[in-house]
Each structure stands twice: as structure tokens, then as C-alpha cells.
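J.: Give me a 3D structure for the following:
(one chain, ligands or ions: 1)
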Amino acid sequence: MSDVLSRLKKLTKCLHIYLAETPGRGFGIFAARAFAQGSTLVVDEDGDYYAGEMTLAEAQARGYDLSQDLFQIGTDAFLLPNANLDDFVNHSCDPNTGLRLTPAGYRMIALRAIAQGDELTYDYSTYISGTPERMSCACGAANCRGTIGAFETLPPALQDRYLAAGVVGRFVAAAARNAAIQDAARAESGAGVRAGGEAVSA
Ligand SMILES: [Zn+2]
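T.: I've put the predicted structure just below:
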């Protein structure tokens, strides 16, 4: 009960959103007014957001499930449901918001114009990287992927869009950067071999 109360206390600080039931998906978070694309809907920088951070091994030793219970915030750093708003935000493969973690907490950013009464969603894959986490998805979006997996499994154009909007975990963005560097290096060494081959045949 105290857990529920602490969650509600947190929510009352967010003036422009509300918690309500969503058909078939438990609770969700909704916009109480319109928001322009790029605007910030929620700022939660109370400083308690990272309390209880733990490694995957620690979480699993305590009986928590990677896909069901944990929110990834670092390469091997996870949060349990922690009385924050993001515990209630549902996933969509075509989300209208994104989360941006900050040193003191997080912000929720509108990825497109949002009307009063719209359910707020974000793409869970923007905070999953380097783990075998997989959830099935039936979000109903036209571009629904059917599964929610690691960021690196998303189409490259979608990855670029989230990265450009700054709504991807820093550990996720770093992994994506490393992958891009490795791809470039591979392409370069491939080109080097070809160039060498041409030089010999010339
Ligand atoms: Zn989906």
C-alpha cells in the first residue's frame, strides 16, 4: 500500500499528465493538455531516480526477471520498478514520446505533436542493449515489430531517428557508436584489399 501511495505522490507532482486504465494494457499515462513536438512533458529530477541501481546478476539473485521487472540504465546497471512515472508508460513501436535520462533523473520528450487525452508511450528498445531481453509486442502500431528487443535489432533508420532526438540511453548510444565505428573499419579494410588488388593488377 505504501508503495502505491508513494507512486501517487510522485504523480501528483506531474501536472500535465494523468494515470488511467488502458483497454487490455493495465494502466497507462495520458496527456492532460496538448504538447508541441520537441517539448518536455515531464521533468523528474528529484535525485532519487537511481536509488537501488543493481547489476543483472544481483537482480536475478533476488528473483527478478529481466523482461518483466527491470529497466536497463547502463551496460550492467538496472532499476526495479521504483515508484517513478516511467513504470506506467506503455511501449509502442510508434511512440509519441522518448525518455532522456539526466544525471538527476529523467525527462520525457514529445517526439511529435500530442493532443490532450493521448496515451503517452515510448519505445522500450531505446533502453535495451547487449542483453537477450525479448518481449512480445501487440502495440497495434502500423509498424509494430511484434517483439521488443535490444536497440541494435531496430532498423538503422529508426535507430538514427531516436539517436538524433536524444531519447536513447547513453549506454545504448555508446554501443551504437562502437558498432558504427566497427562497420566503418570493416568497410575500410575491405576497400584497402580491393585497392591493393587493383594496384597489383594495374
Ligand atoms: Zn509493437
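J.: okay, now Arg100: neighbour count?
T.: 19 (other C-beta atoms under 10 Å). The way it works is simple: take the backbone N, C-alpha and C, and place the C-beta from them, glycine included.
J.: Work out for me the element it sits within.
T.: strand 97-102 (DSSP states H and E).
J.: Can you give the contact residues for that strand?
T.: The contact list for strand 97-102 (C-beta atoms under 8 Å, 6 or more residues apart in numbering) reads 41, 45, 49, 73, 86, 89, 106-111, 114, 120-123, 126-127, 162, 165-170.
J.: do that again at 7 Å, thanks
T.: 41, 45, 73, 86, 106-111, 120-122, 126-127, 162, 165-167, 169-170 (C-beta atoms under 7 Å, 6 or more residues apart in numbering).
J.: Now Leu66: closest residue in space, sequence neighbours ignored.
T.: Glu133 (5.2 Å; C-beta to C-beta, 6 or more residues apart in numbering).
J.: Partner strands of the helix or strand that the strand holding Arg100 is followed by and their direction?
T.: Tracing the chain C-terminally past strand 97-102 and defining elements by DSSP H and E, one meets strand 105-110 next. Note on strand 105-110: by DSSP bridges, its sheet partners are strand 40-44 (antiparallel), strand 97-102 (antiparallel).
J.: Any residues of this protein in contact with the ion? List them.
T.: Within reach of the ion by C-beta under 5 Å from the ion, the chain has these residues: 93, 137, 139, 144.
J.: Which of these sits closest to Gln60?
T.: Nearest to Gln60, judged by C-beta to C-beta, of the residues of the chain next to the ion is Cys137 at 23.2 Å.
J.: got a list of what that closest one touches?
T.: Cys137 touches 91, 93, 144-148, counting by C-beta under 7 Å, 6+ apart.
J.: Now render these as TSV, adding neighbour count, distance to Met54 and secondary structure.
T.: Shown next, in TSV, are the contacts of Cys137 (neighbours: other C-beta atoms under 10 Å; distance: C-beta to C-beta, whole Å; DSSP: H, G, I helix; E, B strand; the rest coil):
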residue	neighbour count	distance to Met54	secondary structure
His91	17	22	strand
Cys93	22	28	coil
Cys144	14	31	coil
Arg145	18	28	coil
Gly146	9	30	coil
Thr147	12	25	strand
Ile148	22	22	strand
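J.: Which pair of those residues spans the longest distance?
T.: Every pair of these checked by C-beta to C-beta; the farthest is His91 and Gly146, at 12.2 Å.
J.: so what's Trp94 up against?
T.: For the record, residue 94 is Asp, not Trp. With C-beta under 7 Å, 6+ apart, Asp94 has these contacts: 141-143.
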